[in-house]
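Chemist: show me the folded form of this:
(one chain, ligands or ions: 2)
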Amino acid sequence: MKSNELEKDQLYKLRHSAAHVMAQAVQELYPEAKLGIGPPIDTGFYYDFDLGQGEDGKPRTFTPEDLEAIEKRMRQIIGGKHTFNYREVSADEARELFKDQPYKLELIDGLVQGGIDEYGNETDETPVISTYRHDAFEDLCRGPHVEATNKITGNAFKLMNVAGAYWRGDENNPMLQRIYGTAWRNKKELKQHLKMLEEAKKRDHRKLGKELDIFVFDEEIGPGLPLWLPRGGIIIEELEKLAKEMEQKRGYERVRSPHLSKEDLFLRSGHLPYYAESMYPPMEMEGVRYYIKPMNCPFHHKIFGARPRSYRDLPLRLGEYGTCYRYEKSGELFGLMRVRSMQMNDAHIYCSEAQFEQEFMAVIDLYFDYFRIFDIDKYMMRFSAHHKNGLGKKYVDNERLWLQTEGLVRRAMDNGGVSYVEVPDEAAFYGPKIDVQVWSAIGREFTLATNQVDFAQPESFELAFINSDGQEERPLCIHRAPLSTHERMVGFLLEHYAGKFPVWLSPDQARIIPITEAHNEYTLQLERRLKEAGIRTKADLGTDRMNAKIRQAQLMQIPYMLVIGDREVENNTVSLRRRDNTRQNDLPVEEFIATVQDRIATRSGEL
Ligand SMILES: [Zn+2]
Ligand SMILES: [Zn+2]
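Modeler: Ligands and ions are numbered 1, 2, ... in the order given. Modelled structure (predicted):
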């Protein structure tokens with residue numbers, strides 16, 4: 001295990017233990033509470049409780065004062081240095097132990113029947129009924145836990161909030177009260193985390209998107225279908241320009257495909273039935289069923305197959321900024337992060353097995369190039385493999401090819417020295433995939449890009465090329481989208497840069513502000529010169545006072561403000577104020593233009 005995984009493991013135990021301590025505190029303070037489940041999660045833990053119904057017939061919940069009281073009692077329990085003790089119990093013993101806990105009894109039934117674990121999740125491990133006990137509290141649990149309660153740092157955890165959660169995620173079940181907590185190794189880590197959450201709130205892409213005029217949603221258009229405003233449109237065009245440049249250098253060719261297709265195409269691709277849940281219902285035209293596309297892949301496969309191919313055509317790299325539509329449940333929509341229409345930086349690379357490793361690693365290298373441009377220094381590659389239980393259901397039913405392609409990916413990543421974590425049962429239906437997780441400047445995690453290997457669709461589309469021995473051979477297909485969708489990418493970048501986009505991505509690059517009307521003429525001349533030099537510029541000839549105009553430009557995070565007075569008119573200069581409040585007076589116009597052009601051409605992060 002690598003050191004950061006070990007740390008994760010330690011934190012995992014600590015958070016899991018904090019969940020038990022919280023459940024004990026709740027049970028002592030609210031003896032009528034029934035316990036659901038309480039696992040550790042990414043930055044902390046939660047536990048679900050049923051407090052019964054209030055007088056109004058609605059589920060009772062916890063107040064902020066309740067959380068304070070629970071926290072206080074938790075600190076006392078932690079201070080008690082109670083050890084966590086494991087034991088295995090028989091089904092009868094377990095039922096006796098938890099006789100007053102209906103939810104636990106349901107979990108015990110599941111464990112006895114097999115197929116689910118103590119959190120109610122499906123599993124194919126042989127169930128063992130076990131408990132962990134500390135102090136007077138015993139929970140149905142597999143662990144692991146820290147040795148004793150005092151390993152949880154009393155001033156490094158905090159109960160965050162309460163949310164309703166249906167028992168086992170099913171809305172036909174009772175609504176339980178889920179208390180979320182966060183727990184860290186020390187006070188400093190907790191402080192950092194809370195600070196990050198606060199910063200994340202300020203940088204929330206939904207908030208910034210509105211303030212900076214990037215995108216809107218409209219009720220008449222529908223949820224999850226964003227409208228890009230002109231300033232958002234510029235960011236999108238810059239991203240596309242970047243991708244086209246990068247991919248042109250790497251031998252990609254660009255294609256275009258329609259938004260609709262007959263059902264037949266998706267039956268052949270396997271999207272029907274494997275992906276049907278994420279697709280919009282079909283529409284009928286002239287007695288034929290059409291679907292709106294959830295992915296571009298099948299169209300690109302048809303382009304590959306549009307004419308006979310030989311080994312000289314390979315690798316064939318087909319790229320497209322295609323707009324796809326996916327049905328996300330309205331409850332799961334979230335700003336630009338989860339939408340129903342998305343423009344993807346998509347491409348499909350068709351290659352022989354012998355070319356696979358090089359092509360696959362070239363894609364990984366492309367990711368690294370993008371990371372450098374966007375100043376992303378923390379990222380992780382997650383390798384999602386299939387699981388044999390899902391063959392024929394979640395996954396295309398060909399175990400031999402699954403094992404073979406997973407082996408190819410593993411070998412490519414190992415040979416390339418790229419570190420990754422492997423997770424079973426998370427693959428795409430047609431092959432294994434690499435998900436790229438990145439962390440924004442304030443340390444929030446995003447799944448941005450994917451890189452998938454596909455052996456199944458080339459087969460179902462009967463794609464073939466004539467190899468150098470004159471034999472027919474099946475190509476492999478790599479699906480990749482390093483810049484993700486525009487929606488997700490812009491959402492990520494808004495947070496990452498806190499709206500302060502680098503010059504090349506800034507919707508407005510310069511704003512010219514005359515001190516009085518007398519400077520309007522020079523201001524307009526200057527606006528024309530900057531526009532001709534390829535700098536996105538607006539002259540602000542409004543009636544507001546100069547300071548108000550500067551403030552307005554600052555609020556819009558415009559990198560450069562050029563203030564024009566008598567001296568500037570006379571000397572053909574500008575008085576420059578940068579977004580970061582640094583200034584430069586008497587700057588010759590040509591010098592300003594040259595600097596900005598250089599920032600844009602090199603896609604520099606510097607102001
Ligand atoms: Zn537990
Ligand atoms: Zn694809």
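
Chemist: do you know the pLDDT at K2?
Modeler: Listed pLDDT for K2 reads 44.

Chemist: what distance do you get for D135 to ligand 2?
Modeler: Distance, D135 to ligand 2, using C-beta to the ion, to the nearest Å: 53 Å. C-beta: built from backbone N, CA, C; applies to glycine.

Chemist: contacts only, for that residue.
Modeler: Residues in contact with D135, defined by C-beta atoms under 8 Å, 6 or more residues apart in numbering, are 24, 77, 80, 82, 149.

Chemist: residues of the stretch 351-500 of the chain that sit close to ligand 2?
Modeler: When proximity is defined by C-beta under 5 Å from the ion, the stretch 351-500 of the chain lies next to ligand 2 at H479.

Chemist: of all of the stretch 351-500 of the chain, which residue lies closest to ligand 2?
Modeler: Residue of the stretch 351-500 of the chain nearest ligand 2, by C-beta to the ion: H479 (3.3 Å).

Chemist: right, and that residue touches Q452 too?
Modeler: Yes: the pair H479 and Q452 qualifies as a contact (C-beta atoms under 8 Å) at a distance of 4.2 Å.

Chemist: joint contacts of the two?
Modeler: What both H479 and Q452 touch, as defined by C-beta under 8 Å, 6+ apart, is the set 428, 433.

Chemist: phi first, then psi, for R142.
Modeler: phi -100, psi -10 (degrees, to the nearest 10).

Chemist: one more: E96?
Modeler: Here is the backbone geometry of E96 (degrees, to the nearest 10): phi -70, psi -50.

Chemist: among the contacts of D135, which ones are buried?
Modeler: 24, 77, 82, 149 (16 or more other C-beta atoms under 10 Å).

Chemist: wasn't the second one part of a helix?
Modeler: Yes: residue assignment for I77, taken from DSSP: H, G, I helix; E, B strand; the rest coil, places it within a helix.

Chemist: which residues touch it?
Modeler: Taking C-beta under 8 Å, 6+ apart, we find I77 in contact with 21, 24-25, 135, 149.

Chemist: and the residue of the stretch 251-400 of the chain found nearest ligand 2, what pLDDT?
Modeler: Nearest residue of the stretch 251-400 of the chain to ligand 2 (C-beta to the ion) works out as C297 at 3.2 Å. Looking at C297, its pLDDT reads 94.

Chemist: was I right to think it contacts H479?
Modeler: Yes: if you go by C-beta under 8 Å, C297 and H479 touch, sitting 6.1 Å apart.

Chemist: quick one: common contacting residues for those two?
Modeler: Counting by C-beta under 8 Å, 6+ apart, the residues touching both C297 and H479 are 346, 348, 454.

Chemist: with secondary structure and neighbour count added, can I get those residues in CSV?
Modeler: Formatted as CSV, the shared contacts of C297 and H479 follow (DSSP: H, G, I helix; E, B strand; the rest coil; neighbours: other C-beta atoms under 10 Å):
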residue, secondary structure, neighbour count
D346, strand, 24
H348, strand, 27
D454, strand, 26
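
Chemist: what about the helix ranked longest in the chain, distance to the chain center?
Modeler: Identified as the longest helix of the chain according to DSSP state H is helix 3-29. Chain-centre distance of helix 3-29: 25 Å, with C-alpha atoms, centre = their mean, to the nearest Å.

Chemist: can you give me the domain boundaries for the chain?
Modeler: According to automatic domain parsing, the chain comprises the domains 3-186, 207-496, 503-601.
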